[in-house]
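**Student:** With the sequence up front, the predicted model follows.
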Amino acid sequence: MPDISIVIPVYNEQDNIPILYRRIISSLATCGQSWELIFVNDGSWDSSLRFLKEISSHDSHVKIINFSRNFGQQAAFTAGMDYASGKAVITMDADLQDPPELIPKMIELWQEGALVVFARRKSRNDSFFKRMTAKIYYYFLKKYSDVKITGNIGDFRLIDNQVLSHINNMREKSRYLRGMVAWLGFKYEIIDYDRPNRIHGETGYSMLKMARLAMDGILNFSLLPLRLGMVIGLINIFSGLFFLIYIMLDTIINKQYYPLYKWLIVVLFMLIGFLFILLWILAEYIGRIYDETKSRPLYVVHDLVNLENK
C-alpha cells in the first residue's frame, strides 16, 4: 500500500502531461513517501492517452484508468478514488493551475493530524465575469447551504483514507465532491495559494459544465430553491397589499380612479414568470430523483494500465 495516491482527471491535456509529471515527481522526491499516480483519461480525443501510456511504460507508479467516453470531471475523480490504495489521496486537475509544489505542505499537515487538507485559491486570474459569478455563487452556497462549504476551494485537496472510505460509499449520481467532503465534517486544514494561469491548451470546463456543477452544489446541499416559493409568495402578498392600500387611499382622498384590470394583468404576468421558475426548479429535483432510480454506473472503464480490475 503506497502512502500517497494522486488522482488526476485528464481531458485533452497532451501539452501539460509531461510538465505535470515532472513537477509532481520533483515535489514527491522531497517528501520521503511511497506513492502512486493515477491518471483518469476522461474521453480525451488528442494524444493525452498516448503520452500517459508512454510514461506508465517507464514508471510502474503511474497508473491509468481509461474511460469508454467522457463522463465528466466528478466521475473521473470518483473513479480514481475508487482505485486508489494510498493511506491518503490527493485530487488535482491536470491543467497546471493546481501547483504540485503544494503537495509536500499538504502531506505535512496530514501527518500532523489533519484528515482533510484543502487548497484555497487566494487569487485567481480569471475573467471579471467568472470571478464575480464565482464570488456570488460561493456566497449564496455558504450562506444558505445546510453544509458550510468554504468559498474559493476547488477539487485540489488531500483526504485521509478514513475520509475516502466514506466518500466511496456515497454513490449518488449528481456528484459535488466539494460538498460531499464538507458534509462529512472531518477535521481539516486550509492552504492558501495564488492560482496561476493556464499555460497550454484550453479548459474543458465550458460555461454549461460549470453551470451544471454549480447547480449540483445548490440542489444537493441546499433547500433554498424549494424555499423560494414561500419567499416569492410573501413578496407578492405584501406587494399586493401595498398596492391595494395605495389605491384605496388615493381613491378615497384624491378621488382618483384606477382601472383594476391594468394592475391585474401586470401582476398575473409576474406570477406566471415565477410559476415557470418554480416549475423548472421542481423539474431539476425530479430529474435527479429519476437519475438515482436508474442505478446506472457512474462511469465505464475501457481499460486499465498498471491497475487490477475491482
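**Tutor:** Done, it's in.
**Student:** Centre of the chain to stretch 26-41, how far?
**Tutor:** Centroid separation for stretch 26-41 versus its chain: 24 Å, with Cα atoms, centre = their mean, to the nearest Å.
**Student:** Same check on stretch 12-29?
**Tutor:** Counting by Cα atoms, centre = their mean, stretch 12-29 comes out at 23 Å from the chain centroid.
**Student:** mean confidence for it?
**Tutor:** Averaged over stretch 12-29, pLDDT sits at 94.
**Student:** What of stretch 194-213?
**Tutor:** 63.
**Student:** now swap in stretch 167-182 and tell me
**Tutor:** 88.
**Student:** Ile64 looks like it's in a strand, true?
**Tutor:** Yes: per DSSP: H, G, I helix; E, B strand; the rest coil, Ile64 lies within a strand segment.
**Student:** okay, now the closest residue in space to it that isn't next to it in sequence: neighbour count?
**Tutor:** Nearest non-adjacent residue to Ile64, counting by Cβ to Cβ, 6 or more residues apart in numbering: Val305, 3.8 Å away. C-beta: built from backbone N, CA, C; applies to glycine. Residues lying near Val305 (other Cβ atoms under 10 Å) number 18.
**Student:** what's near enough to touch Val305?
**Tutor:** Shown in contact with Val305 (Cβ atoms under 8 Å, 6 or more residues apart in numbering): 52-53, 56, 63-64, 66.
**Student:** So which of those residues is the closest to Gly43?
**Tutor:** Asn66 (9.0 Å; Cβ to Cβ).
**Student:** Asp303 is in contact with that closest one, correct?
**Tutor:** Yes: using Cβ atoms under 8 Å, Asn66 is in contact with Asp303, at 5.0 Å.
**Student:** Which of the three states applies to Ile90?
**Tutor:** Under three-state DSSP, Ile90 comes out as strand.
**Student:** and what of the one 3 residues further on?
**Tutor:** What three-state DSSP gives for Asp93 is coil.
**Student:** gap between it and Phe274?
**Tutor:** Applying Cβ to Cβ, to the nearest Å, the value for Asp93 to Phe274 is 38 Å.
**Student:** the more surrounded of these two?
**Tutor:** Neighbour totals were compared for Asp93 and Phe274, and Asp93 leads with 23 against 16 (other Cβ under 10 Å).
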